[in-house]
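Asker: I would like the atomic coordinates for the input below:
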Amino acid sequence: RSLLFIAGLCVATTTLRAEIRVGLSTVDITPPIGGLTQGYSSAKPTDGVHDPISARVMVLESDEECTALVVCDLCVYNSAWLHNQMAEIGVDRLLLLNTHTHAGPKLSQDGFPTPEEPWRDTVDQRLLAAIKEAKQEMFRGFFKASESQIQLGYNRLVHRGDYSVTHFENPERIPYGSVDPQVGVIRVTDENQRIRAVLVTYACHPVVLGPRNRKISADYPGVMREIVEQSCGDDCTCIFIQGAGGDINPLMMARGEDREKDFEVVRVLGETLASEVQRALSFIGDDPGVSESFASSTFQTQFRNRWERDQQLQLGVTTLLINDQIAVITLPVEPFHQFQAHFRNKSGVEHSFLFGYCCNGPYGWPRYLPDLLSAARGGYGASDTTLAEVGAGERLVNEGLAQLFRFQGRLKSVPQRHTFEGDPLK
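Answerer: Got it, this is the predicted structure:
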């Protein structure tokens with residue numbers, strides 16, 4: 001493991017050539033009823049649970065390094081306390097991700113369910129226990145990735161000349177604007193070729209359930225996970241990871257008067273996504289996958305506040321390279337979809353994915369992360385609902401790419417004219 005100091009910035013890098021060990025666990029984080037959900041300003045206290053919500057843990061480990069991915073059915077969540085526990089339990093890097101369901105609990109309610117035991121503290125403790133559990137049941141993991149495509153969302157920032165108009169609702173289901181239709185799938189099997197995990201990443205807000213919903217739910221990702229787990233066997237844990245969906249709403253949204261029918265729409269969208277996941281898995285077929293190497297690197301730095309230029313905030317990006325075949329970068333808060341298309345086009349790795357809504361350090365949640373052009377056009381998520389300076393997203397993606405290119409040996413640590421060895425034409 002090495003620390004690189006570049007222009008006053010600290011970049012922690014680990015490169016490993018060994019088998020990849022994997023640990024998995026799932027923990028329930030369904031709150032008591034009566035609290036608020038997060039995502040809609042007009043939310044009313046919940047009156048029931050339609051489907052339980054959970055956190056799903058995947059630990060990646062070698063002889064020298066350990067990274068934990070924790071994906072929660074929450075809208076907004078980061079925990080400095082949880083990040084600070086990782087060294088004690090032997091985890092070098094915590095990636096704390098949110099599916100961004102708007103039907104999960106609002107964890108900033110200090111008095112819910114009681115002032116003595118707010119639900120946020122309960123979630124913290126359960127996640128810590130789940131990470132420990134995953135570390136206790138490690139197996140050699142074999143990785144294989146694939147993709148499919150389907151458009152299930154629309155860009156809610158509709159262009160009008162040089163500007164954008166926000167369309168939160170779209171009852172006509174018009175496929176406005178550009179979206180990223182890629183469905184990314186990473187399959188993990190064990191030495192007996194049992195499917196132990198399927199990671200699914202897709203960029204679309206889980207807002208099928210609207211502001212009048214009062215039931216706790218994982219929204220469409222929960223339906224998709226259930227179907228994939230049933231089709232892949234009892235040993236499989238399906239993990240949904242939200243992509244760069246900051247500007248994408250689902251084409252199918254439940255906005256009628258009958259709340260019970262809302263969940264029929266949720267199921268349709270979840271089933272549709274599950275079908276594409278199964279199609280992507282079929283492209284892998286019986287390929288056993290690879291368990292040879294992974295590299296990881298985390299970059300964090302300060303950005304100016306977009307509106308209060310004398311104030312700063314911290315953000316970061318983490319890069320993962322698995323078996324030289326699967327590249328991942330993480331972005332914090334709610335990134336716009338152009339970032340994942342840009343990363344995929346530049347990475348040079350066959351399977352390249354962007355995991356959004358990810359906190360790789362104990363920093364705040366500065367809301368949206370728009371690309372430069374979207375910030376200039378304006379609209380919700382691109383203007384007044386942002387905090388990080390314009391260009392922060394591009395800088396983070398570029399740093400993620402730079403980390404990747406260092407893993408590949410394409411960026412050198414010393415000056416040299418050509419980065420290749422031998423004759424590049426042979």
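Asker: only C-alpha atoms for contact and neighbour calcs from this point on.
Answerer: OK.
Asker: what helix or strand is Val277 located in?
Answerer: Using DSSP states H and E, Val277 falls within helix 259-284.
Asker: now that helix: buried residues?
Answerer: Neighbour-count burial for helix 259-284, counted by 16 or more other C-alpha atoms under 10 Å, picks out 259, 262-263, 265-267, 269-271, 273-274, 276-281, 284.
Asker: check the offset of that helix from the chain's centre.
Answerer: Offset of helix 259-284 from its chain centre (C-alpha atoms, centre = their mean, to the nearest Å): 19 Å.
Asker: and the next helix or strand along the chain from it, what's buried?
Answerer: Downstream of helix 259-284, the next assigned helix or strand under DSSP H and E is strand 293-304. Using 16+ other C-alpha under 10 Å as the test for burial, strand 293-304 gives Ser293, Phe294, Ala295, Ser296, Ser297, Thr298, Phe299, Gln300, Phe303, Arg304.
Asker: also stretch 187-207?
Answerer: Buried residues in stretch 187-207, counted by 16+ other C-alpha under 10 Å: 187-190, 195-207.
Asker: quick revisit: average pLDDT for the helix holding Val277, rounded please.
Answerer: For helix 259-284, mean pLDDT rounds to 97.
Asker: what ranges does this structure have for its helices?
Answerer: Remark: helices assigned in the chain by DSSP state H are 80-85, 119-136, 220-232, 259-284, 338-347, 372-377, 392-407.
Asker: who touches the fifth one?
Answerer: Read it as helix 338-347. With C-alpha atoms under 8 Å, 6 or more residues apart in numbering as the test, helix 338-347 has contacts from 179-180, 243-244, 327, 352-354, 371, 393-394, 397, 401, 404.
Asker: tell me the angle the helix holding Val277 makes with helix 220-232.
Answerer: Taking axes from the mean of the first three to the mean of the last three C-alpha atoms, to 10 degrees, one finds helix 259-284 and helix 220-232 inclined to each other by 50 degrees.
Asker: what is helix 259-284 packed up against?
Answerer: strand 142-149, strand 182-189, helix 220-232 (3 or more C-alpha pairs under 8 Å, 6 or more residues apart in numbering; DSSP states H and E).
Asker: angle of it against strand 182-189?
Answerer: 70 degrees.
Asker: so helix 259-284 versus strand 142-149, what angle?
Answerer: Taking the same axes, to 10 degrees, one finds helix 259-284 and strand 142-149 inclined to each other by 120 degrees.
Asker: flag the shaky bits of the protein, pLDDT-wise.
Answerer: Residue ranges of the chain with pLDDT under 70: 1-18, 424-426.
Asker: gap between stretch 414-426 and the chain center?
Answerer: Taking C-alpha atoms, centre = their mean, one finds the center of stretch 414-426 at 36 Å from the center of the full chain.
Asker: no no, stretch 254-261
Answerer: The answer for stretch 254-261 is 28 Å, by C-alpha atoms, centre = their mean.
Asker: now do the end-to-end distance for that stretch.
Answerer: By C-alpha to C-alpha, to the nearest Å, the extent of stretch 254-261 from end to end equals 8 Å.
Asker: kindly report the same for stretch 151-159.
Answerer: Length of stretch 151-159, first residue to last, C-alpha to C-alpha: 19 Å.
Asker: again with stretch 157-175
Answerer: Taking C-alpha to C-alpha, the first and last residues of stretch 157-175 lie 11 Å apart.
Asker: also stretch 339-357?
Answerer: In stretch 339-357, first residue to last residue: 13 Å (C-alpha to C-alpha).
Asker: pull out the buried residues from it.
Answerer: By neighbour count with 16+ other C-alpha under 10 Å, stretch 339-357 contains the buried residues 339-341, 343-344, 347, 349, 351-357.
Asker: from those residues, pick the one nearest Ala103.
Answerer: Set against Ala103, the nearest of those by C-alpha to C-alpha is Tyr357 (16.1 Å).
Asker: in this structure that closest one contacts Gln242, no?
Answerer: Yes. Taking C-alpha atoms under 8 Å as the contact criterion, Tyr357 and Gln242 are neighbours in contact, 6.8 Å apart.
Asker: tell me, how many residues neighbour Ser79?
Answerer: Residue neighbour count, defined by other C-alpha atoms under 10 Å, stands at 17 for Ser79.
Asker: isn't it right up against Asp124?
Answerer: Yes. Using C-alpha under 8 Å, Ser79 makes contact with Asp124 at a distance of 7.3 Å.
Asker: residues shared between the contacts of the two?
Answerer: Common neighbours of Ser79 and Asp124, counting by C-alpha under 8 Å, 6+ apart, are absent.
Asker: returning to that earlier point: same list (the helices of the chain) but as TSV, adding distance to Gly316.
Answerer: Below are the helices of the chain laid out as TSV (distance: least, C-alpha to C-alpha, whole Å):
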stretch	distance to Gly316
helix 80-85	14
helix 119-136	21
helix 220-232	25
helix 259-284	29
helix 338-347	15
helix 372-377	18
helix 392-407	7
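Asker: Arg160 is nearest to which of these?
Answerer: Arg160 lies closest to helix 372-377 among those, at 8.9 Å (C-alpha to C-alpha).
Asker: just the buried residues of that closest one, please?
Answerer: Applying 16+ other C-alpha under 10 Å to helix 372-377 flags Leu372, Ser374, Ala375, Arg377 as buried.
Asker: return the distance of that helix from the chain's centre.
Answerer: How far helix 372-377 lies from its chain's middle: 23 Å, per C-alpha atoms, centre = their mean.
Asker: so which elements touch it?
Answerer: Counting contacts by 3+ C-alpha pairs under 8 Å, 6+ apart, helix 372-377 packs against strand 163-166.
Asker: now Arg93. Nearest residue, chain neighbours left out?
Answerer: By the measure of C-alpha to C-alpha, 6 or more residues apart in numbering, the closest residue to Arg93 outside its immediate chain neighbours is Thr67, 4.7 Å from it.
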